[in-house]
Every structure is written in structure tokens, then in C-alpha cells.
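>>> how would this look folded up:
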Amino acid sequence: HDFHGAIADFDHAIKLNPKYAAAYANRGNARAENDDLDGGIADLDRAITLNSKNAVAYYQRAYAKRRKKDTTGAIADYTRAIELDGKDGDFYNERGDVWLEKKQYGAAVDDIQKAIQLDPK
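Residues are numbered from 1 along each chain as shown. Alright, predicted model coming up:
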């Protein structure tokens, strides 16, 4: 993956339109995937400020927070993503994994069962 190229492209898009929430979300995801977790979270914060209804931005920020070992923040963001789009099994699956990390087994089972119900493949 060419994360550096993608980040440069999103930098350009943001320069052209500083209120382009999707560009911040995508750059944030690219930064997080490139191990710049703080930069990724900052961009995703901005994306969410510009568009608080973007479930995927919450999901991506949750993933970055989880990688930083902020399980409480990750749970909160996965929960918000689910509130905005409760039909995405990945949101439940990822939150279930964090519940496992926190040894909250009942919550983990509930989320993983819901993920399977939504996407049985």
C-alpha cells in the first residue's frame, strides 16, 4: 500500500477544501495504517467534527484507539458507529474483540453473535 502517496493526495484535497470531511477521514485512516496513530486520530477527530454522522470515521478512529491500547475510547467509538449504522457486522465484531481484551466476556459474546447474525459468512 502506498500510504505516503495517499496521504499526499488527501493533503492536496484538504488544501483545496478544508471542510472536506471524507478527505480527513481517509487521510486519518491512511496515517493510522502507516503507524502514525496520533496523526490518524487527529484527522479522524476533524472528520467527525465536520460530519458527526459518519459511522465509518468512528469505526476507523476506534481501530486507531485500540492500537494505542485505549480500549475505553475504542469501545465508545465502536458503540457510536453502531448507533449510526447498526447493520454493519464488522462494527460488532471489532467491538466484541475489544470486549474480549477487557475480559468482558458476556458483552463480547453478545457482539460476536450479533456480527454473525448480520453477516453469517
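>>> so where do the helices sit in this structure?
3-16, 21-33, 37-50, 55-67, 71-84, 89-101, 105-118 (DSSP state H).
>>> elements contacting the third one?
The reference is to helix 37-50. helix 21-33, helix 55-67 (3 or more CB pairs under 8 Å, 6 or more residues apart in numbering; DSSP states H and E). Just so you know, the C-beta spots here come from the backbone N, C-alpha and C atoms, and that holds for glycine as well.
>>> closest to residue 75 out of those helices?
Of all the helices and strands packed on helix 37-50, helix 55-67 sits nearest to residue 75, with 7.7 Å by CB to CB.
>>> Next, the buried residues of the closest one.
55, 56, 57, 58, 59, 60, 61, 62, 63, 64, 65, 66 (16 or more other CB atoms under 10 Å).
>>> Might you calculate how far it sits from the centre of the chain?
2 Å (CA atoms, centre = their mean, to the nearest Å).
>>> And for residue 99, the neighbour number?
Applying other CB atoms under 10 Å, we find 21 residues neighbouring residue 99.
>>> no wait, residue 117
Residue 117: 10 neighbours (other CB under 10 Å).
>>> for residue 74, same thing?
25.
>>> how close does it get to residue 88?
16 Å (CB to CB, to the nearest Å).
>>> same deal with residue 112?
Where residue 88 is concerned, residue 112 sits at a distance of 14 Å (CB to CB).
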